Every structure is written in structure tokens, then in C-alpha cells.
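A.B. asks: here is a sequence with its predicted model. Questions after.
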Amino acid sequence: ENGIDENTLISALSYIYESIHPDIINLSLGVSECNHIQELYDVCSKLTSEGTIIVSAFDNAGSISYPAAFNNVIGVVNRNSCHKVDDFEYFEDQVVNVGAKGSLQRLAWDNPQSVFLSGNSFACAHTTAKIAEMMFFSRKKLTKEQLLNNFKKISIKNNDSLNVFSMQKLPFNINVAALFPFGKEMQNLVRYERLLNFKIADIYETKYSAKIGATTNHLLNANYTNDYVIKNIDKINYNNFDTLIIGHMDELSSVLGDNKYIDNLIADALKHHKNIFSFDDVSYLDLTECQNLYTPLITINDLPPNRLGMLHRITKPVLGVFGTSSKQGKFTLQLKLRELLLKDGFSVGQLGTEPTSQLYGMEFAFPMGYNSTVYINNDDAVRYINSAIHNMNLNNKDIIIVGSQSGTIAYDYGNISQFPTSQYALLLGSLPDCIILCVNLFDSFEYIHRTISFLESSVNSKVIALATIPFAVKNNGNNSIDILKTLRPSKEFCKVQELFISEFHIPLYNITDDGDMEKLYKLIISFFS
């Protein structure tokens, strides 16, 4: 039955291990939301180490469940292609192993004497019966591998070998890096240098940039401990660093009028035996075998196996950061929350949608924003994100953070490019328990209400707070607004906060205010406590 208590299941299997020592255990049940997954796996390992074969049905609702998904258990699903009790499908996979007849069938019952039922449990029973038959005729115990090989031989369909989903990993270590050019993402690397596990040596711009000679503190209007002088990329000093981090280059290449500029820079850096971390996809250079060149991108080769559409159910708390538009400080907010959580000793799992995500130590990058390097469709994106969240769930993270890009619902419906389908895929793949919604102070209340309603009704989530960077705005009339790069005075913003709280009944926080970020952080901790 779906919904069995996992502690009861662990206790039952422990009793069987200690007292019964069977050849086969048939489990017509499973646990989808498993908080003690390691304990359940360990007791299954004890049984299988003594030669017991465990056969388990997957969840009838279609999700991945346990113990069926364990690599020491034969996991069984219903397959419509299996019309007879002796029809089986074989899966070359570590999770799903055998398909069998689980469609509507007459079954012996107590009262009445027979009923018609369907489900994975009955496919599991047919599989267990076949395993008992195999063992009987072989006159000996068979291992899981031997049994699966037998199913492969007799199956009506063999499903091809499936790839294994793994954690994203840089092909090289970064100890000291140089940045080029000094765009938005690079500015954040300087702002949050304390979150990096490498040092920044130099920052470069082209000779045409007015930034050359200026310091980062001046350009960022800040007073950070490390203040870098922007240097000319034509005079790059390769002795100072081991990795060159290259930002988005399309606009700069257009200004330079040189489509080969970035190609030549990469070739020169590689000639000097430097690592390259590029935001933009440079696979056209045909350097796929080069271990010193990396772009965070997602292709069909990175997808987890498509196990009949099965997804993982997540048991760890998931926090989502979504927005009503672009350029709202969503990634900055994620970095601030990451820093506060790590400071208090929490183990943080994170999937970021900026190309720099892995540089901050986030487990997964899903660069779906500007110059996206995500080359999979939205159904596959849901599967990829779900597997990424599950991976962090297995690593026993205290909290998992996921951040989106741009807006969440469409402003207009005149062009398909205005539909935020990627954001919806991220929402479905991550299923956040609570959401911080980034807003603009010039957003209409109606649009914010619609966004909140969409987020809370699309998935079982709760928008617990709004966040903003309180830029001053100038209304030009005719729905035209200029965003001024100055912040509203604190007294004025307090009035805005009161207005938003009165309208939405949730707090509004200033992303640039450390005090507000502390309050938001405490709200998140309180929500999950």
C-alpha cells in the first residue's frame, strides 16, 4: 500500500533478517517520501548479503519509491505491453529492473471470492512467482544479477542501457582566477568574493572601456577589503592566475567588430596552459576533448534516465526565489541567504540559474537566463531539476535553494517568446515549499497578486515574503518608466513597505539592507521550524 510507515517497514525487514532468513521477499508496497532512506537501504543490504532476493513494487502514483529503487532490490512496474502473466520487460537500469502484467486482472479475494484490480503490486507478484520458478528449476539460489540476466533472455522487450545521473563537477580546480570583462556577473563575484573558494588576481577590460584604470570599489560604490584596478586585456599577465573566467561576450564582440576576438583569447590562454571558464557556449571551437575548457551547459547527454516519467519526491525543505521581471536582484538575494545560512552552520544545497553558480560552491548550475546554455526541452528540464534536487536531498542538506530568472507569468500573449515556460519547468522540477517573490516597486498590485496566485496554485507552495531593490523611478507617462540607479530614501521606503504589507499581508524586504535580510532570514528559519 502506498503510504506505509517507513519505520514499520524497517522494523519488519529487520525482524525478517534476524528471525526468518527467507530465499525471497515480496514487497507489494513502497515509500515515496523516505526520511530514513539510508536505514532502509542498510537493512535491505543485510538481507541481500545473505542471499535473500527482495522484489518490490514501485508506487502506483508513478513516482520513484523505495525499496524498489535501490540497487540491491529488484524493482518492478506495470507494463501495458505485458498481457500474460509470463510476459516481462527487462530494463538495463540500476533503479527500474522488470516490467510485468499489472493491468486489470481477476484476482482471488476473501469477500467476494474474486475481484478485478490493477497495479504495480500485481506485476511484482508475477515477477516474484517467476523468480521462485527460476530458483526451483535451477535447484539453487540465484543472485540478483543472474535473475535479471534470465529476465533479459525471456523478456518480450529489452529497454536499452540508461545513463547514470551524476553531480556536476568542474574538470579542473580553480586556485587563482582572472576575470574578463567586468560585467554584472563579475561584479557579483567581487561583491561576494568571501563565498568563493579561490582568489581573484586580476580583472580585465578591453582598451576601449572607460573602466580601465578605475578601481572596483569606485565602480561598485563600495568599500570591500580587496580593491582591484581594472587592467587592459591586451596586457594580460598569465603568470598571475591559473584560470581565466570569461563572461558574456556577444555585445562586446559587436562593439569590437571582431567575431574572432574571444576565439583568439581562448586559444592564447590555452597555449599558456590556463583553464578557461566561459559563460557562453564555445563548443563551436571543437575542443570537446580539452579538459581545460568548461562552459556550464545542459544537454540531452546530461539528462537522468527517463524511467517511465517517474520523479523523486523530496523530503528536505526547498526554498524558491522567483520574480516578476528581470534585473531584480534575485541572484544577489540567493547569495545573501546562502551566506547567512552557511554562517549559522546549515548545510545548504543550491541550484542556481546563473552561469557563475558553481563558482560559489553551488552543486548545480542551470543557466537558463541570458544567453542560455540549457539545450533541453521543458519536460526534460523538469526531470533534470528534480534529479538535481533529489541528489542534494540524498546528500542530507538542511535546506535546498532554487532561484529562477526573469518573470513568472506573461505580461502579454502576442508572441510565444513572452511565455515563461522555462520558469514554469523550474517551478515544477523544484516544487519549493515556500517562495520569496522579487518585485519592482512600479509593478501593478494586480500583476503581483496574479503572480502570487499562480505560484501558490501551480504547486503546493506558499509565498511568504516579497523582496525588492528599491530603485527610484521616474514616470514618463504613457506607461513609460525610467528606473533610476538611486535608492529611495529610507523613510520613503518604510511607507512603501507599509503599503505593500497592507495590500498583500506579507512583508516586503529591501535586498540592499542588511537588517531587512536578517529579518527575512529569520522568517525563513521560522517557516521551516
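C.D. replies: Here it is on my side, so go on.

A.B. asks: residue 146 is in contact with residue 53, correct?
C.D. replies: No. Residue 53 lies out of contact with residue 146 (C-beta atoms under 8 Å); the separation is 10.0 Å. Where C-beta positions appear, they are placed from N, C-alpha and C, glycine not excepted.

A.B. asks: neighbour count for those two, which is higher?
C.D. replies: Legend: neighbour count by other C-beta atoms under 10 Å for residue 53 and residue 146, higher for residue 53 (25 against 14).

A.B. asks: how much space between the more buried one and residue 180?
C.D. replies: Distance, residue 53 to residue 180, by C-beta to C-beta, to the nearest Å: 58 Å.

A.B. asks: next one: the helix or strand where residue 492 lies to chain centre, how far?
C.D. replies: Residue 492 is part of helix 490-504 when elements are defined by DSSP states H and E. Put simply, helix 490-504 sits 34 Å off its chain's centre (C-alpha atoms, centre = their mean, to the nearest Å).

A.B. asks: before we move on, what about stretch 436-449?
C.D. replies: When distances are taken as C-alpha atoms, centre = their mean, stretch 436-449 is centred 25 Å away from the chain's centroid.

A.B. asks: end to end, how far does it reach?
C.D. replies: Its first and final residues considered, stretch 436-449 spans 14 Å by C-alpha to C-alpha, to the nearest Å.

A.B. asks: picking that back up, show the subsequent helix or strand relative to the helix holding residue 492.
C.D. replies: The helix or strand immediately downstream of helix 490-504 is strand 508-510, counting by DSSP H and E.

A.B. asks: go through the helix or strand following that next one and flag the buried ones.
C.D. replies: Per DSSP H and E, the first helix or strand lying C-terminal to strand 508-510 is helix 514-528. The neighbour-count criterion (16 or more other C-beta atoms under 10 Å) identifies 516, 517, 520, 521, 523, 524 as the buried residues of helix 514-528.

A.B. asks: then stretch 86-99?
C.D. replies: Using 16+ other C-beta under 10 Å as the burial criterion, the residues of stretch 86-99 that qualify are 87, 88, 89, 90, 91, 93, 95, 96, 97, 98, 99.

A.B. asks: check which helix or strand the fourth one maps to.
C.D. replies: Using DSSP H and E, residue 90 maps to strand 88-91.

A.B. asks: name the next helix or strand downstream of that strand, please.
C.D. replies: Next along from strand 88-91, by DSSP H and E: strand 98-100.

A.B. asks: what's the helix holding residue 492 packed up against?
C.D. replies: Here helix 490-504 touches helix 445-458, strand 508-510, going by 3 or more C-beta pairs under 8 Å, 6 or more residues apart in numbering; DSSP states H and E.

A.B. asks: same thing but at 10 Å, please
C.D. replies: Packing partners of helix 490-504 (3 or more C-beta pairs under 10 Å, 6 or more residues apart in numbering; DSSP states H and E): helix 445-458, strand 462-468, strand 508-510.

A.B. asks: and it, what's buried?
C.D. replies: Neighbour counts using 16+ other C-beta under 10 Å place 493, 497, 500, 504 of helix 490-504 among the buried residues.

A.B. asks: neighbouring contacts of it?
C.D. replies: 437, 439, 441, 445, 448-449, 452, 463, 465-466, 468, 470, 472, 487-489, 506-510, 513, 516 (C-beta atoms under 10 Å, 6 or more residues apart in numbering).

A.B. asks: again, 7 Å this time
C.D. replies: Under the contact criterion C-beta atoms under 7 Å, 6 or more residues apart in numbering, helix 490-504 has outside partners 441, 445, 448, 466, 470, 507, 508, 510.

A.B. asks: would you check which pair of those lies furthest apart?
C.D. replies: 445 and 510 (18.6 Å; C-beta to C-beta).

A.B. asks: quick one, which of these two is more surrounded?
C.D. replies: A direct count of neighbours by other C-beta under 10 Å for residue 445 and residue 510 places residue 510 higher, at 23 against 12.

A.B. asks: that one and residue 440, how far apart?
C.D. replies: Residue 510 sits 13 Å away from residue 440, going by C-beta to C-beta.

A.B. asks: mutual contacts of those two, please.
C.D. replies: With C-beta under 7 Å, 6+ apart, residue 510 and residue 440 have common neighbours residue 468.
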